[in-house]
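J.: no sequence on this one, just coordinates:
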């Protein structure tokens, strides 16, 4: 199978944090980011973030760049997290006006996406959560969330919505937090066009072994719509280059993607605050290809044999043999 | 409503860890532990652990103590975690013999429990997990787990089985790990006599705000069968005295128990390695009663108003006013 | 002893994060922030951050506001972290030009501070660290750090420099990371005008019990120059309101401040992203005063007796009795 | 340079935890453990733990095995952590009798070690700490610790004492916790025969990049006496096989050991609860040798060039090129 690599467009931009809010690099013009995609080997897809890269007024411009730089739009991420008005939640806001605005923001991109040849939206509810105790009526909020997602999913069944979970940030507690909660939510919603966007780093921060999360997504409805690839030190969403910390877990999760028949994009979602975006993308894809090649050069039957034994010394020996040069 | 307090019996025993495997105190005779319950104010229930406190041969002895010390058995915890033979898993073991033995061990206590006036078993799958990558076929294991639980639940519908999740220990990754995964599992199993045992400390280790977990258990099937109360520093299951670290989160979760109509036991599951068990139990119940009284002396409408606003400064002001002396 | 309360001025501003980089509120004019200090009960001091609030060109304006609003400047925090040019480090930068610029930036504020009646600077080396393995020559960097701090400390001995440690953010690894490393560094530097700024939340993120860190700062040179007060969930610098998570640890650390004779400011360093800054400050100071009053109304001899016993059930009983209303 | 590999003897024994206190395997006779060392390739040293493997009465037996199996004793670890009597601390106990007993226990092994051709003891103060707030007078305890270590170090200057830090377990807070605190302590003690035993896993749990910790130990007195090698998921001392989680950080720390001229043992300290000890040792040493070979086949000048640049994409490219097969 040919692997399709994609990236969030912002990798070529100027990432900011709460201390350097104007960004670690000068602002990058939109077309320059599209242009940079051509410097990344094997990259054929991009993801666009609402407000940051795309809005109702620049769709034609985006179309032009996509054509000019021969790209597919692998996913669109509506902005329901990057403006002050979303700060106290979107689909779960206590303010009906905000709820309606957020739902409309999603619907808007459900109409835009097909124009760009894309049928997938990422719903990341980063602002829907709480920071302190006694700050949320959880049942009320979960019900609002379910209702809002259903309303969107019913709006157009030809566009898929992928829920991206994250346990914290920007809230100290986001409610769509873990693979378990998200699969539970998907089961409650029970619609074919609603599934999962699995951000590997978000899984690590929730102390998930992402290979297992992929298995569960398969088992409970074959729900994995899209992958976000990055790495971190397990305690925060550092959005580092792929497998720069977790080499072995990455090899395992790549195997499970293959084993469960994942056919979607392998999409980078990293924040190269202090790195050159092109180099960071190339290096991330380089690691992915090295690990994929190690898997290709190992018989599945050998891996399956090791999995069936549950003997950890055999597991580590397998990884060493597959992966290391010496 | 009258609150019913319970404890695991082992609180009066001699806890061990991996360094002091013979225990931090001399061994305590079984009856002495029952006797100690009388020194704890308001304690009326006990939980018994298989092998450690109860087995098929001492049921009459246990009956005698229960009567003599006027206790209710709030829950029985079959031993599917405390023997070397369970070390590589029970219901998910790769060895069919072990799987069968573990299922039979549970069924055995499903028959014993009613004899002791108890209708609830705690299924804690601490050994069902993995430590390393490439050590488990996750889908196979999850299916075995579901099958095993169903088999037990069908064995006797008059006995309830409460699944207790924990993200790690003794395995680096346990598969029944979080509130989300467990509610998903319960939904898949979909049987009235299978529900949740929520250990507050296990929730904290999984970065859950336990008040929210209680709300979700209500929302997805009213599944909360029993509570395990203890505290920790969020990164490990320290099994400390109640609210010795998380005062505010405890107040909030006690409120949500009330709000969701929880009618079960408030059962201590602490490991007083270096403390006197009676004192540790008294102090834990003391904190619980102080916090419950603070809630009783606050109007629900005031709390609901704060929840509906989502304004954190109001939330913290509410807690301060309810709780603090000055 | 009269407690002196202070805050970072930014509490009244518009905090941003990496998703909402323009801030969760509209920009707040400088004087408005000064004005807001008057709405906070018992607040008499402010801390100013370079670039954000103060620079070489607005010193007179600041003087005017200080006089007008009757404030003391409790500390100045030179900007060696909030511009893109500092992104790869300041005193430890591989670029000698950047190192020199950063040292000069500190010296500049060593000259400005006395003009504002302030003799204390906070040196927070947030950008001096690394994100990935094989990214730093640690020995070279530590030596550059020591040299740079000494150069500044020798520049003016009448101005004190307080090192503020933090284990991560904005780098995944900051080198001035923990109380141990910082006291070691202070001992190596060995100058009277170089000491410690202890941010309570930074201590929590490093899994420190801050009471112990205060004791160590006393023991190893009486080095505690200033406190930054806030709270978090232990895994990230959430900069929440004081004691909104860690009530008991806060009571203990307040006791140790008293016991070790701390005479400096009690200064808030919180980020009320979604809260009203005035309310967040009032609530934080409200909690501090409640806890201080609980300590005042307890005999030191009773607390010392508990400390000398090391019996945790007594410790928790003490806290309950001191603190709780019921 | 020839690398010397060692292991704790207990790797061949029967590890227990708090649930399976009798061990995950049947008890292993002492000589059997020595015999097993011969099945591990390149293993030439062993570490002995007091009480568990060695005591004043079996020294001749140990001598016999060492000769018979041609082994060096790389370090002895006196038991000041594995008996109930040490549960509330050793050198810092509130009970002078316990303090004296613990100090004598260490001195006893200072006399035994040379008889076995060993000049190094590991002082691991796992029980010297606290679990709750208000449970310790930190200054008093730190002073007792310093006094006790000095007394031991003065007892025999021909025997070296290596302090092994660990941030938690068995206490929720151990006082000899981090590399910073330990180097500070060593500087306060300031004796040539007192240094550091660095357990890599303990460093990870304290969120240390162990390569940096090695650099600091070099810089602040060349204090690294011995290494303990294992791995974990960063949040708990899982004592897993070497580099089974942190491949890249392991490569980096091996480089820094070489760069700083470390000449001591590479000693395994893993707990193969469910694994065969011989296989776990072989696999761990196998990984170490693979990584060392990768370093040998890379020019130091190339690595130094990368370190001097601080460019993370170059760092990750270096690692990929050095390490991976494809």
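T.: Cool, got the structure. For clarity, every value in this text was computed on a predicted model and none was experimentally measured. Residues are numbered from 1 along each chain as shown, chains lettered A, B, ... in the order given.

J.: need phi/psi at residue A:24.
T.: Note on residue A:24: its backbone torsions stand at phi -80, psi -10 [degrees, to the nearest 10].

J.: which residues sit in contact with it?
T.: A:14-17, A:273-274, C:84, C:87 (C-beta atoms under 8 Å, 6 or more residues apart in numbering or on different chains). Placement of C-beta: from N, CA and C, glycine included.

J.: partner residues bridging residue A:229?
T.: Using DSSP bridges, the bridge partners assigned to residue A:229 are residue A:268.

J.: give me the number of neighbouring residues for it.
T.: Using other C-beta atoms under 10 Å in any protein chain shown, residue A:229 has 28 neighbouring residues.

J.: return the residues of chain A in contact with chain C.
T.: The interface of chain A toward chain C, taken as C-beta under 8 Å from any C-beta of the partner chain, is made up of A:15-26, A:81-84, A:86-88, A:126, A:131-133, A:168-170, A:172, A:232-233, A:235-236, A:238, A:240-241, A:244, A:271, A:273-274.

J.: enumerate the residues of the stretch 151-300 of chain A near chain D.
T.: Residues of the stretch 151-300 of chain A lying near chain D (C-beta under 8 Å from any C-beta): A:207, A:233-235, A:241, A:244-249, A:272, A:274-276, A:279-280, A:282-283, A:286-287, A:289-291, A:293-294, A:297.

J.: before we move on, the earlier item: list buried residues within the residues of chain A next to chain C.
T.: A:15-21, A:23-25, A:81-84, A:86-88, A:126, A:131-133, A:168-170, A:172, A:232-233, A:235-236, A:238, A:240-241, A:244, A:271, A:273-274 (16 or more other C-beta atoms under 10 Å in any protein chain shown).

J.: looking at these, which are in strands?
T.: With strands taken from DSSP state E, there is no overlap with these.

J.: mind listing what whatever residue of the stretch 51-200 of chain A ends up closest to chain B touches?
T.: Nearest residue of the stretch 51-200 of chain A to chain B: residue A:180, at 2.6 Å (C-beta to the nearest C-beta). Taking C-beta under 8 Å, 6+ apart, we find residue A:180 in contact with A:216, B:177-184.

J.: and residue A:274, by the same measure?
T.: A:24, C:87-88, C:131, D:312.

J.: confirm the residue of the stretch 51-200 of chain A closest to chain B sits in a helix?
T.: Yes - the assignment for residue A:180 (DSSP: H, G, I helix; E, B strand; the rest coil) places it in a helix.

J.: quick one, helices of chain A?
T.: Along chain A, counting by DSSP state H, helices occupy A:30-36, A:59-68, A:96-115, A:138-155, A:179-189, A:200-205, A:210-219, A:247-259, A:277-296, A:300-309, A:312-323.

J.: neighbours of residue A:173, how many?
T.: Neighbourhood size, residue A:173 [other C-beta under 10 Å]: 20.

J.: who does it bridge with?
T.: Going by DSSP bridges, residue A:173 forms beta bridges with residue A:130.

J.: my guess is it contacts residue B:212, does it?
T.: Yes - assessed by C-beta atoms under 8 Å, residue A:173 is found in contact with residue B:212 at 7.3 Å.

J.: what pLDDT does residue A:1 get?
T.: Note for residue A:1: predicted pLDDT of 61.

J.: got a list of what the most centrally placed residue in chain A touches?
T.: Using C-alpha atoms, centre = their mean, the residue of chain A that lies closest to the mean C-alpha position is residue A:228, 3.3 Å off. Going by C-beta under 8 Å, 6+ apart, residue A:228 touches A:8, A:164, A:197-202, A:267-269.
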